[in-house]
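Engineer: 3D model of this:
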Amino acid sequence: MEKVIISDLSVWCGISFTDQTSNPLYYAKHLYLNATEIKDLVVPNDVTSIRDYAFQNCEGLTSLTLPENLETIGYSAFAGCSNLTSINIPDGVKEIGASYNPSFPEEAKLYVNRGTTALLALWEGGLTPYQKNTETLLPAPTMSLISANQASALIQLENYYSEYSYYVSTYFNAEFSGTEVTVTGLRPNYNNTVHLYVTPAGTEPNLATTYDSYIGVQTLPLTPSINIVQKTASSITIKGMYLDGDAVITQTQLTLNGKTVEEGEIHETGLTPNSSYSAVYSVTVAYGSGNWTEEFEAKTTINTDALTLTTQQPKVISVGNVIVSAASNLDDAEENVGFEWRRTDWTDDFASSTGQAYMYEGTIEGYIRNLNTEKLWKYRPYYLSASGTYYYGDWVGIDPTNTSYFEPTVHTYAEITIDGNTALVKGYALRGTDNITVQGFKYWKNTNSAHSGSNVPLQAPAIPANAQTVEAEGYVMEASLTGLDHSSEYCYVAFVKTSEGETFYGEQRTFTTGEDTTGIDGVRNDNDNEVHEVARYNMQGVRITSPERGLNIVRMSDGTVRKVMVK
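Structural biologist: The predicted structure follows:
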């Protein structure tokens, strides 16, 4: 086949060829209009679309003039036209064949005006043209990553043209500052695809006149983890943690042995020694425009320690009255600990007597009164787990007449609850040989930072004269310290005073009161049908108790998440 002869150029431009081989020009390589070969092709003005493969491999073409009202140039429309070296693209062209099936010969230079839809179409087709009447290349706008966090990225726009409008992905929030773009609402630990849309100035993105490029942004992970703060034979203390970043955290949930908290830590007691427990920590993140969430999770298995219960020698403080103790690796907060005792001449037909005891830093201590001094006795410690299983130490004998002098046992617990300028403190007092007449706590505002955090027992002269006293009762004492100064450090110490007039002290502890909050917070009508705020977070994903200046993320009772700007 040597040539293709046509009689109507406009009709030829509109023929729909299914592929390149369905056009006879692919083989003939020369096109004739009636009897004249077309070398200087002038596409008629009534042509708005040149269809796919229309002039492919037409080697006879040496020049090309396209009409100003042309809108579409199809796939491979002029591909293989090896003698075309220069082509001017009309401003109004909106669509050009894709980069994998180019519309023009590779050798040809394409010329176009800036600010036109034609330039967008060329970029969309993977082509880099020249500015008309110059040799200045017009490369397509692209994005380069400057930095990324968990939910945001800083992106630089390359090849910026002021004649166009720019939009970054409708799924994310974008703020422009010159040629830099801050994108927020990204998904943590994910290769987020961020799109850049370039449109004619002042227009919104649409399929017909938009150039689209994209970049993959790998955001930082949350990496939730479970920190084992402490574990004993009967307890596990865990805390959920995640890497701090800018992810919007809407909920955290920590679960151990069926107990769940939304934040903070879990201290679970009453556990079975030498046993496995499963812990799960989940962090829920809002991303996109706030309508999507994803849960990140950490799991671990924790084994409690093997139990030790070592019975110690008794302390007979007066005839028939005995302090008993045992060393153990149980948790200090265990309440189901104690001792059982019985006469050494009793058979198993007689039930032992039992009494509750208290733990302090690895020692169980209890008090047995009014033992029959004509008999010998024995005792042993026990622990009752939440599952109902008893664990026992060894028996140790008691001679209730073998008395010695013993000072009282006094301890100040580090466990404390602070609510603003009020503190709930806890201590432990067990009498010695002499009776206890007064017991409680002394506390004072700390003016000597050297004492801060000290656990060294203090003697009476070390306590300042302005120390205040609050009395308490029981082996385990609790007292509420009120009227304290806000944002201040205080010292406190447990004490007992005996019938002999002596005062004995536990360990000195310190604490800091909370800030003085002002204003009215959280006022609402408690109507079940009313949607109300249940949690508030800052932009770093940290839960806050009151509004903070800037953007706040608010989780509502109906499960929705709102963004609130606080000025």
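
Engineer: where's Pro273 relative to Ala357, distance?
Structural biologist: With distances defined as CB to CB, to the nearest Å, the gap from Pro273 to Ala357 amounts to 18 Å. Glycine gets a C-beta too; all of them are placed from N, C-alpha and C.

Engineer: who has more neighbours, the two?
Structural biologist: It is Ala357, of Pro273 and Ala357, that has more neighbours when counted by other CB atoms under 10 Å, with 24 against 20.

Engineer: tell me the pLDDT of the more buried one.
Structural biologist: Ala357 is assigned a pLDDT of 91 by the prediction.

Engineer: isn't it right up against Trp341?
Structural biologist: No - in this structure Ala357 lies outside contact range of Trp341 using CB atoms under 8 Å: 11.5 Å.

Engineer: which residues do these two both contact?
Structural biologist: Val324 (CB atoms under 8 Å, 6 or more residues apart in numbering).

Engineer: ranges for the helices of this protein?
Structural biologist: If you assign secondary structure with DSSP state H, the helices in the chain sit at 9-13, 25-28, 117-124.

Engineer: dump those helices into JSON lines; add mean pLDDT and mean neighbour count as well.
Structural biologist: Listed next are those as JSON lines, based on pLDDT from 0 to 100; neighbours: other CB atoms under 10 Å:
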{"stretch": "helix 9-13", "mean pLDDT": "97", "mean neighbour count": "16"}
{"stretch": "helix 25-28", "mean pLDDT": "94", "mean neighbour count": "18"}
{"stretch": "helix 117-124", "mean pLDDT": "94", "mean neighbour count": "25"}
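
Engineer: so for Glu502, which of those helices sits nearest?
Structural biologist: For the helices of the chain, distance to Glu502 was read as CB to CB. The smallest value, 91.4 Å, belongs to helix 117-124.

Engineer: using PDB, list the CA coordinates for that closest one.
Structural biologist: Extracted in PDB, the C-alpha atoms of helix 117-124 (Å, rounded to 0.1, in the frame of the first residue of the first chain):
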ATOM      1  CA  THR A 117      -5.500  24.500  29.400                       C
ATOM      2  CA  ALA A 118      -3.300  23.100  26.600                       C
ATOM      3  CA  LEU A 119      -0.300  23.300  28.900                       C
ATOM      4  CA  LEU A 120      -2.200  21.300  31.600                       C
ATOM      5  CA  ALA A 121      -3.200  18.800  29.000                       C
ATOM      6  CA  LEU A 122       0.400  18.300  27.800                       C
ATOM      7  CA  TRP A 123       1.600  17.800  31.400                       C
ATOM      8  CA  GLU A 124      -1.300  15.300  32.000                       C
END
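
Engineer: now do that helix: which elements does it pack against?
Structural biologist: Packing contacts for helix 117-124, counted by 3 or more CB pairs under 8 Å, 6 or more residues apart in numbering; DSSP states H and E, involve strand 95-96, strand 109-112, strand 191-200, strand 211-218.

Engineer: right, so of the helices of the chain, which gets closest to Leu376?
Structural biologist: Across those, the minimum distance to Leu376, taken as CB to CB, is reached by helix 117-124, at 99.4 Å.

Engineer: what comes into contact with that closest one?
Structural biologist: Residues from elsewhere that reach helix 117-124, judged by CB under 8 Å, 6+ apart: 89-96, 98, 110, 112-113, 128-129, 138, 140-141, 164, 198-200, 209-213.

Engineer: so which bits of stretch 338-354 are buried?
Structural biologist: By neighbour count, with 16 or more other CB atoms under 10 Å as the criterion, the buried positions of stretch 338-354 are 338-342.

Engineer: with stretch 297-309 instead?
Structural biologist: Within stretch 297-309, judged by 16+ other CB under 10 Å, the buried ones are 298, 302, 304-305, 307, 309.

Engineer: next one: stretch 97-111
Structural biologist: By 16+ other CB under 10 Å, the buried positions in stretch 97-111 come out as 97, 101-105, 108, 110-111.

Engineer: rewinding a little: can you redo the helices of the chain as CSV with distance to Asn448?
Structural biologist: Rendered in CSV, the data for the helices of the chain read as follows (distance: least, CB to CB, whole Å):
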stretch, distance to Asn448
helix 9-13, 95
helix 25-28, 96
helix 117-124, 72
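
Engineer: wait, Asn538 sits on Ser546?
Structural biologist: No - taking CB under 8 Å as the definition, Asn538 is not a contact partner of Ser546, at 10.9 Å.

Engineer: which one of the two has more residues nearby?
Structural biologist: For Asn538 versus Ser546, neighbours defined as other CB under 10 Å are more numerous around Asn538 (19 against 12).

Engineer: so how far is Pro273 from the more buried one?
Structural biologist: The span separating Asn538 from Pro273 equals 42 Å under the rule CB to CB.
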